[in-house]
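*Asks:* With the input below, show me the fold.
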Amino acid sequence: MAETVNKQEIITQIEQSYAALEAALEALNVGQMVEPALPGGWSVKDALAHLSVWHRRALDIIDPVQPPRVPAIPPSGIEDDQVDTFNARFYAEHTGDLLPDVLADFRESYRQLLASTQRLSDADLMKPLAGDTWLWQVIAGNTYDHYPEHIEAIQAAFPQA
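*Replies:* Model (predicted):
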């Protein structure tokens, strides 16, 4: 059994982590946002497109729609060893997207995920999913547990920002 979670604590963590990511973005200029300076030759723009995909994947789990927002991932999910392959696919699909579109999509997908999380109850968050995963873990893994690795990469690539 997973630890008991509190919706308000989850929301607070999401909002604080998102605010830290936005603060890191605010320190960058347009050239830095599109420079392939992050690990793997990604740009900040690419990382934001990546985060948007994973926001939408979490939304597919919380509030499924047809067709799914991220049809590339089967409803049953993917194994941990497949994540890099899917990330490479999503990178290839979105690397040509324009920065203003990526920023808008990132912020909108975040807004939708936060709103969907706010509609959940504590009991909903404790809903078991495949394996030993609970819904709150999916939300955390696609927000406040995910953002820090990208914040760190941004700060390492642009320490003066």
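
*Asks:* correct me, but residue 140 touches residue 13?
*Replies:* Yes. Counting by C-beta atoms under 8 Å, residue 13 is a contact partner of residue 140 at 7.4 Å. Just so you know, the C-beta spots here come from the backbone N, C-alpha and C atoms, and that holds for glycine as well.

*Asks:* Between those two, tell me which one has more neighbours.
*Replies:* Counted by other C-beta atoms under 10 Å, residue 140 and residue 13 do not tie: residue 140 has more neighbours, with 19 against 15.

*Asks:* tell me, how many neighbours does residue 147 end up with?
*Replies:* 22.

*Asks:* let me redo that: residue 156
*Replies:* Neighbours of residue 156 using other C-beta under 10 Å come to 11.

*Asks:* give me the element it is part of.
*Replies:* Applying DSSP states H and E as the criterion places residue 156 in helix 147-157.

*Asks:* What is whatever helix or strand residue 123 lives in packed up against?
*Replies:* Applying DSSP H and E as the criterion places residue 123 in helix 122-125. The contact analysis (3 or more C-beta pairs under 8 Å, 6 or more residues apart in numbering; DSSP states H and E) places helix 122-125 against helix 7-26, helix 135-141.

*Asks:* now, of the ones you listed, which is deepest in the fold?
*Replies:* Greatest average neighbour count among the helices and strands packed on helix 122-125 goes to helix 135-141 (a mean of 20), per mean count of other C-beta atoms under 10 Å.

*Asks:* Check which helices and strands it sits against.
*Replies:* helix 7-26, helix 44-62, helix 122-125.

*Asks:* quick one, which of these is nearest to residue 33?
*Replies:* helix 44-62 (4.6 Å; C-beta to C-beta).

*Asks:* I'd like the distance from that closest one to the chain centre, please.
*Replies:* On the basis of C-alpha atoms, centre = their mean, to the nearest Å, helix 44-62 sits 4 Å off its chain's mean C-alpha point.
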